[in-house]
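Chemist: Okay, predicted coordinates and the sequence, questions at the end:
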Amino acid sequence: MVLDVSPLWPAQLDHIALEAPDPEGLAAFYARALGMGVTPLGGGRWLAAGKQRCVIFCHGPSRGHPFSAFAVANGAQLDAYRRFLISRGGALLPSPTPLFAEGAFAVRDPDGRLAVFGLRCGEVKAGVGGAAVLPGRLQHVVVASSRFPAMMAFYRDVLGFLVSDTVHVTDADGGLGDVNVCFLRSSEEHHSFAVFRAPKSSSDHFALEVESWDDIRRWADHFAALDVAIWWGPGRHGAGNNLFFMVKDPDGNNIEISAELERLPKGEPGKRWPAGGKALNLWGSVWVRDVPG
Ligand SMILES: [Fe+2]
């Protein structure tokens, strides 16, 4: 079984890059909203960094997501993973990120986005005050894809992520049909990457993992003070079993605050869910009552 010997395990989502028409302005929002320190990287790129969370902003269309960067544990693992990727047919490309040390590399997925692998180098300037004190480790990133079968196969069979839960359309007999969401992990955390079937490929969201329900409350109160409204949640996802809510940044990127994400050891099978309903939210649909008029 190829996946059980993938040297990707363990790897953590370390940082992502987002494109924006005004990357400096969007980075300033992240400084306020997520308590991140902002550093110019040159070339029109800006780094927003905080407590266990880093996002690089570069010039491009709103909601562009050019790469996700995963950190492995040490140089020996990176060497083994490089050999594994080559053996799986991966075409290695130069790393696009200044946050990884020399030796990092990238692979282009079927949607054209880079998955980058390497070792973190140097310190980043984190934010101070405000949300900077709130926990929130960048933990997973999720994309929508019009090439869903190819994306799922690429992350599983070429990159060596392990499949956790899958969500299925209902077939003609009322049973579980084709997969339309696939959660993939690179450590015991239920997913560090996920992809869902969509008419158009795009980014979907990234998540900050916090330590407790109390942190969810603290983040919601913080966003309320900034007039950043929750647009989904709070609830508990069926797939991953994590508590969550989501807000949007000014460009429409979805930011999830998450807690209690399920752990799934290597070799453990994930669950299979029918689409919608409990896979999305075990607590049911979120409903907002009308204001009496
Ligand atoms: Fe998520």
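Modeler: Now that the structure is in, tell me what you want to look at.
Chemist: Which parts of the stretch 1-150 of the chain are strands?
Modeler: 11-20, 37-42, 45-50, 53-59, 64-72, 93-94, 105-108, 114-118, 137-145 (DSSP state E, counting those that start in this stretch).
Chemist: Up against the ion, what does the chain have?
Modeler: For the chain, the contact set with the ion under Cβ under 5 Å from the ion comprises 207, 256. For glycine as for every other residue, the C-beta is placed from the backbone atoms N, C-alpha and C.
Chemist: So which residue is dead centre in the chain?
Modeler: In the chain, the residue lying closest to the centroid (Cα atoms, centre = their mean) is Val141, at 1.2 Å.
Chemist: how close does that one get to Gly130?
Modeler: 24 Å (Cβ to Cβ, to the nearest Å).
Chemist: Show me the residue of the stretch 101-250 of the chain that gets nearest to the ion, please.
Modeler: Ala207 (4.3 Å; Cβ to the ion).
Chemist: I'd say that residue and Gln139 touch.
Modeler: Yes - counting by Cβ atoms under 8 Å, Gln139 is a contact partner of Ala207 at 5.2 Å.
Chemist: out of these two, which sits in the more crowded spot?
Modeler: Ala207 (26 against 22; other Cβ atoms under 10 Å).
Chemist: and the more buried one, what are its bridge partners?
Modeler: Counting by DSSP bridges, Ala207 forms beta bridges with His140, Glu256.
Chemist: how about it, what does it touch?
Modeler: Counting by Cβ atoms under 8 Å, 6 or more residues apart in numbering, Ala207 makes contact with 138-142, 244, 255-258.
Chemist: and it, how far is that from Glu256?
Modeler: Separation of Ala207 from Glu256 (Cβ to Cβ) stands at 4 Å.
Chemist: Overlap in contacts, those two.
Modeler: By Cβ under 8 Å, 6+ apart, the residues touching both Ala207 and Glu256 are Phe244.
Chemist: contacting residues around Glu209?
Modeler: Under the criterion of Cβ under 8 Å, 6+ apart, the neighbours of Glu209 are 136-137, 139-140, 189, 242, 258-259, 261.
Chemist: before we move on, which element is it in?
Modeler: Secondary-structure element containing Glu209, defined by DSSP states H and E: strand 202-210.
Chemist: Which positions in that strand come out as buried?
Modeler: Within strand 202-210, the residues that qualify as buried are 203-210, counting by 16 or more other Cβ atoms under 10 Å.
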